[in-house]
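Q: compute the structure for the input listed below.
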Amino acid sequence: MTNTFFSGLVHLGAWFRGEIDGEGSNDEELLRTAEAQNRWFTPDFMRQAMEANGEMLQAPVLRKWVSSYPGLDQPRSPKKVGLVLAGNLPMVGWHDVLSVLIAGHHAVVKCSSEDKVLIPAAIRVLEEALGAEFDGRLAFVQGTLQDVDAVIATGSANTNRYFEYYFRDLPKILRSQRTSVAVLDGSETHSELQALGSDVFRYYGLGCRSVTKLMLPRGFDLDRLFGAWVDWGFVAQNNKYANNYDYHKAVWLLNQEQLLENGFLLVKEDEGWMSPVGTLFYEWYDDLESVSSKLNESAGQLQCVSTRLPASELAENVPCVSFGQTQNPSPWDYADGVDTLNFLLALSS
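A: Numbers count the residues shown, from 1 in each chain. As a prediction, this is how the structure comes out:
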């Protein structure tokens, strides 16, 4: 990575964080345009997503990340890497775009129809900062990806079956739907439970790093959660969220399911990992050994674990983070545990 490119990324980080007056996360016009395209993308959540991406582009963070890959300094022929981006969260595909550019390849980007505003805006900032050095580094496309040397794609299980076939002859990373879980031990403070609320409600619980399931010690007082999460009641003001809440409440009541609710969250005992929007599953446990076994058995469905407990007590194959941090990954916290930069560097080896 050249010094100029490094400086361009640091400048983009400042833009993401809103440190340039009226730009990036402070650009009201940009946020309005993105929200008009996707009503899940509220201004506050877009700002949080952009600022989180901006933290990845702090100079010390970038240096720490790239220093783990000595191969980045080696000359290599760039490949064309096709990227099929998801659109469930604001800028959710940005890390893949960034990784391709840092690896020295050329990105061929197919944005989700749900998120076609924010990433192109970020790329325009890089283009302006880098000038001729950025020429030919990235192209946005619509329709089917063609003439690429490798693919990174995110989609549903059904979509990934199509990707597996269509890109069968190419090196690829295919990501499907995952979710995250919180493990409590009952000794959590009120402030820790408040922080957990961010893991549950930020981005309306739509991301793979969103907590959709709680593992609770038997007898835990669920009213403690409702008391800690009262400030998140604004999520019910979103029509899409409210419609999901009302629908599942009606269906579950018809099925005579036992529910707890507070007007913006339905809480239901369930062995599943992935609860629908507007709801949260929980499951009792009697010992942490059973929790650890369940987490490790389902590692392929889980992105991370939100907890105050040491990772050594819980999961060998699922990353553990502190309460409130699931939506703030570092650049080296790769989705699905697949090292994207290693994959990209191997393309030119």
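
Q: wait, doesn't Leu85 sit right on Met91?
A: No - the pair Leu85 / Met91 is not scored as a contact, 9.0 Å apart, by C-beta atoms under 8 Å. C-beta coordinates here come from the backbone N, C-alpha and C atoms, glycine included.

Q: find residues that contact each of the two.
A: 115, 119 (C-beta atoms under 8 Å, 6 or more residues apart in numbering).

Q: ranges for the strands of this protein?
A: 80-84, 106-110, 138-140, 150-154, 172-175, 179-183, 211-217, 259-261, 266-269, 279-285, 302-307, 320-321 (DSSP state E).

Q: the inter-axis angle of the first one versus strand 106-110?
A: So that's strand 80-84. 20 degrees (axes from the mean of the first three to the mean of the last three C-alpha atoms, to 10 degrees).

Q: least confident secondary structure element in this structure?
A: Counting by mean pLDDT, DSSP states H and E, the chain has its least confident helix or strand at helix 157-166, which shows a mean of 88.

Q: give me the angle between it and strand 80-84.
A: Relative orientation of helix 157-166 versus strand 80-84 (the same axes, to 10 degrees): 160 degrees.

Q: could I get the full set of helices for the stretch 101-250 of the chain?
A: Taking DSSP state H, counting those that start in this stretch as the test, the helices found in the stretch 101-250 of the chain are 118-130, 157-166, 190-201, 223-228, 239-254.

Q: now mean neighbour count and distance to Leu260 too, for those helices, in CSV please.
A: Shown next, in CSV, are the helices of the stretch 101-250 of the chain (neighbours: other C-beta atoms under 10 Å; distance: least, C-beta to C-beta, whole Å):
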stretch, mean neighbour count, distance to Leu260
helix 118-130, 18, 36
helix 157-166, 13, 30
helix 190-201, 19, 14
helix 223-228, 16, 8
helix 239-254, 14, 11
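
Q: rank the ones you listed by pLDDT, which is bottom?
A: Mean pLDDT is lowest for helix 157-166 among the helices of the stretch 101-250 of the chain, at a mean of 88.

Q: who's in contact with that helix?
A: Contacts with helix 157-166, where a contact means C-beta under 8 Å, 6+ apart, come from 84, 144, 151, 153, 155, 172, 174-177.

Q: residues contacting Glu192?
A: By C-beta under 8 Å, 6+ apart, the neighbours of Glu192 are 308, 323.

Q: ok, now Pro78?
A: By C-beta under 8 Å, 6+ apart, Pro78 lies in contact with 104-106, 348.

Q: beta partners for the closest residue to Leu145 other than its chain neighbours?
A: In this structure, Leu145 finds its nearest non-sequential neighbour in Gly82, 3.9 Å apart by C-beta to C-beta, 6 or more residues apart in numbering. Note on Gly82: beta-bridge partners Val108, Val151, judged by DSSP bridges.
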